[in-house]
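Colleague: Below: sequence and its predicted model.
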Amino acid sequence: MLRIGIVGAGIMGRGNALSLSGRTDVEITAVTSRSDESAGQLADEIAERGAPRPVVHPDLPTLLADESVDAVVLTTPDDLHGDMMVRAAEAGKHILVEKPMTTSVAEADAAVKAIRENGVVAMCLFNHRWVPAYAQAHELLAELGEGAVAYARKDDTIFVPTEMLSWADRTTCAWFLSSHDIDLVSWLLRDQVRRVYATARWGKLRSLGIDTPDAIQIQAEYSRGAVATFESAWIYPNTFPTTVDSYVAVVAEDGVVQLDRQKENVVLAKPDGYSYPRNMLQRVMHGIPAGAYADAIAHWVDCCRTGREPLITIESSRDVTAVLEAAHLSIETRQPVDVSMLVA
């Protein structure tokens, strides 16, 4: 039985708790959050699913000192992950962290060092690698020769930065959205980004008092010559039929793979609107949590129990952070940035 403490009781904390609650080999033993009320509500929800009610701790140090916690799931805002991972690793706890791993290379390198020195299992939850179509694309591309060009779009409705996230001004659409796509495309291409040039647009969100870009576009060069575009925006109107518009394409020397997730096999029309319900990442099927999110978490749980290295290494997630830090530096300087220049 892997005993888990959840850090953060927002949307991601609840999503992780739901995915974990369907497993017989784990128990959520502790919860903490900036809001005691939210932490208590999450503990109540876990108990309502038939599990023992986890202890609600006032802060992270108290949770890490709890001997009934073997592993932590970090679901806090993007900019808080780094120090939390270091503390968890030094406390000997296995780690699952929401994407992005960190928002600085220095913090990522400190986390990698602490994780490796303390021998804990750690994984960043880039769950897209468990979307069946994406996993199949990884296999198909192995037979299509060298990658030539890739395009990845992940755009959200304005609901996300204005209503879903209270901390949107502490991150950007690229950190929040393109982190998924950089991990995914780099995995599909079996290569690493070496140089980026990025541009951003401000306006709509600033007019609403949220100081973060409306959209960011990253041009990336890979070490073996492939080029890629990563687009992120979060000002789609809320009338768009999905909260996120997601599309990936990879052109290789001997073929093309296209992956369109705008519709996930279901179209719903009701008197008050038209939508494409989401089901690939998270769903409850016959009362059991399922989908790529649950599958990724199950993989991490298995690695914690066996000591195996996760499919997503903590070093590869550090590389995603490096690409994004380089992209934001490029936005500031209006110059290309070599990713290798970014060291702790």
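Modeller: Received, thanks. Numbers count the residues shown, from 1 in each chain.
Colleague: give me phi/psi at A122?
Modeller: Main-chain torsions, A122, degrees, to the nearest 10: phi -140, psi 140.
Colleague: mind checking pLDDT for it?
Modeller: Looking at A122, its pLDDT is 98.
Colleague: ditto for I288
Modeller: pLDDT, I288: 83.
Colleague: That one reaches S21, doesn't it?
Modeller: No. I288 is not in contact with S21 according to C-beta atoms under 8 Å; the separation is 9.6 Å. Bear in mind the C-beta positions are built from the backbone N, C-alpha and C, glycine included.
Colleague: In terms of neighbours, single out the busier of these two.
Modeller: S21 (19 against 11; other C-beta atoms under 10 Å).
Colleague: Look up how far G287 lies from the more buried one.
Modeller: Separation of S21 from G287 (C-beta to C-beta, to the nearest Å) stands at 11 Å.
Colleague: what is in contact with those two at once?
Modeller: The overlap between the contact sets of S21 and G287 (C-beta atoms under 8 Å, 6 or more residues apart in numbering) is empty.
Colleague: Name the spans of the chain whose pLDDT lies under the cut-off.
Modeller: In the predicted model of the chain, residues 343-344 satisfy pLDDT under 70.
Colleague: which helix is the longest one in it?
Modeller: helix 314-333 (DSSP state H).
Colleague: other SSEs contacting that one?
Modeller: helix 105-118, strand 122-124, helix 179-189, strand 193-201, strand 215-222, strand 337-338 (3 or more C-beta pairs under 8 Å, 6 or more residues apart in numbering; DSSP states H and E).
Colleague: Find the centremost residue of the protein, please.
Modeller: K99 (2.9 Å; C-alpha atoms, centre = their mean).
Colleague: Now for that residue: which residues touch it?
Modeller: Counting by C-beta under 8 Å, 6+ apart, K99 has contacts 124-126, 179-180, 183, 317, 320.
Colleague: Of those residues, which is the nearest to A252?
Modeller: A252 lies nearest to D183 out of the contacts of K99, by C-beta to C-beta, at 18.8 Å.
Colleague: Just want to check the distance between the spatially closest residue to that closest one that is not a sequence neighbour and L184.
Modeller: In this structure, D183 finds its nearest non-sequential neighbour in F126, 4.2 Å apart by C-beta to C-beta, 6 or more residues apart in numbering. Note on F126: its distance to L184, by C-beta to C-beta, is 7 Å.
Colleague: I'd assumed T32 was in contact with L60.
Modeller: Yes. At 6.1 Å, L60 counts as touching T32 under the criterion of C-beta under 8 Å.
Colleague: what touches both of the two?
Modeller: V7.
Colleague: Pick out whichever of those two has more residues nearby.
Modeller: Per other C-beta under 10 Å, whichever of L60 and T32 has more neighbours is T32, with 29 against 22.
Colleague: which element is V257 on?
Modeller: Element membership for V257, per DSSP states H and E: strand 255-260.
Colleague: Would you mind identifying the next helix or strand past that strand?
Modeller: The helix or strand immediately downstream of strand 255-260 is strand 268-270, counting by DSSP H and E.
Colleague: Am I right that A152 is in a helix?
Modeller: No. With DSSP: H, G, I helix; E, B strand; the rest coil as the criterion, A152 is strand rather than part of a helix.
Colleague: ok, what's across the strand from it?
Modeller: For A152, the beta-bridge partners are F230, V248 (DSSP bridges).
Colleague: who touches it in this structure?
Modeller: 178, 181-182, 184-185, 228-231, 247-249.
Colleague: Would you mind giving both backbone torsions of I235?
Modeller: phi -130, psi 20.
Colleague: Tell me how many other residues crowd it.
Modeller: Neighbours of I235 (other C-beta under 10 Å): 20.
Colleague: still on that earlier bit, what distance do you get for the residue nearest to the centre of the chain to I331?
Modeller: Taking C-beta to C-beta, one finds K99 at 20 Å from I331.
Colleague: now do P77
Modeller: 21 Å.
Colleague: for R49, same thing?
Modeller: 43 Å.
Colleague: The two - which one has more neighbours?
Modeller: Between R49 and I331, counted using other C-beta under 10 Å, I331 has the larger neighbour count: 21 against 13.
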